[in-house]
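Chemist: What follows is a predicted protein model with its sequence.
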Amino acid sequence: MSDTPIIELHGLTKRFAIEQRHYGLKNILLHLPQYIHDRANLRWFTALDNVTFSVKRGERVGLIGHNGCGKTTLLSVIGGVYRRYQGEVHVRGRISMMLALRAGFCPELSGRENILLNGVLQGRTRAEMKALEEEIIDFADIGPFIDSPVCQYSSGMLARLGFGIATAIEPEILLVDEAMAVGDASFKKKCGERIQRLLSQGTTLFLVSHNMADIKKYCTRVIKLDHGKVIFDGSVEHLA
C-alpha cells in the first residue's frame, strides 16, 4: 500500500443556505425589496465543519453517524458533486460512486441507455461502457425491464443497476452510500462478492451505512461524524 494519500481533506467546511421562500423571476421583480431583505438575512446550515483527514490507497473506510450529520455531503464533496466549499480537497484516483438511487439516471431513458449515460458521467467512454454492458445487465438481473424507462423501476431494480454500473468500471476509489440497504438477501450477497473482488484488487472503499455488521465486514477504519464534525477516526475494532 503506497504511503501517498489517495484522498486528503484539510479544513473542509460546507454550508448550505436555508431559503425561506422560493422566488421565480416574476416574484423577484414584484417583491424586489423583500427579496433583497431575505437574501441579506439568509440563515446557513453547516453540513461539514472543519473536517481534516487523509486516506491511503487501499484503505477501507466506514463512514457513520446520525441522519443529517454530513455523511452524504462528505462523499459528494470527495466525488466532485459539490464544487463550492471552504478548505482543501485532494483526490488522486479514479472515482466511482453510488450516492443516491436515482443519481446519474435519466428517468425517460431505458436501463440500457442509462448504463452508457451513467458511465460517461463518471468519466468513461461510450466504447468502454458498451464493452461492460452485458456484465452490468447480468449483474442487475432485471430481465426485459433493461429496455424500459428507469422511471418504471422499483428501488431494488435501481439499486442493482446503479451498483452494477458503479462497480463494473473497477474504480480506484468506490463511494457507496447505503446502496445495500434497499436490496434483498440475494442482492446483498452479490454486492458483497463484488466489493470483496474490488478490495482484493486494491480499491479504496468509502462505505456509508447504519448497518454496523456491514461496516465491520468490509471496513478496517471508521470515521464518525456528529453535526458535521469528526468525533471518531480509528480502527473499527476500537469503536465503542
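Modeler: Everything's here; your move.
Chemist: CA only for contacts and neighbour counts going forward, please
Modeler: Noted.
Chemist: so residue 117 touches residue 110, yeah?
Modeler: No: counting by Cα atoms under 8 Å, residue 110 is not a contact partner of residue 117; they are 10.3 Å apart.
Chemist: what sits in contact with each of the two?
Modeler: The contact sets of residue 117 and residue 110 do not overlap (Cα atoms under 8 Å, 6 or more residues apart in numbering).
Chemist: Next one: residue 171 from residue 204, what distance?
Modeler: Between residue 171 and residue 204 the distance is 8 Å, computed by Cα to Cα, to the nearest Å.
Chemist: ok, these two, which is more surrounded?
Modeler: Between residue 171 and residue 204, counting by other Cα atoms under 10 Å, residue 204 is the more crowded of the two (24 against 21).
Chemist: Provide the partner residues of that one in its beta bridges.
Modeler: residue 173 (DSSP bridges).
Chemist: Could you check the pLDDT of it?
Modeler: On pLDDT, residue 204 comes in at 96.
Chemist: who are the neighbours in contact with it?
Modeler: 56, 57, 58, 59, 60, 61, 172, 173, 174.
Chemist: I'd say residue 46 and residue 68 touch.
Modeler: No: contact between residue 46 and residue 68 fails when scored by Cα under 8 Å: they sit 10.5 Å apart.
Chemist: Counting neighbours, go ahead and name the busier of these two.
Modeler: For the pair residue 46 and residue 68, the greater number of neighbours falls to residue 46 (16 against 13), based on other Cα under 10 Å.
Chemist: tell me the SS of that one?
Modeler: Look at residue 46: counting by DSSP: H, G, I helix; E, B strand; the rest coil, its state is strand.
Chemist: What distance do you get for the residue positioned nearest the centre of the chain to residue 166?
Modeler: What sits nearest the mean C-alpha location of the chain, by Cα atoms, centre = their mean, is residue 99, with 2.9 Å. Distance of residue 99 to residue 166, computed by Cα to Cα: 10 Å.
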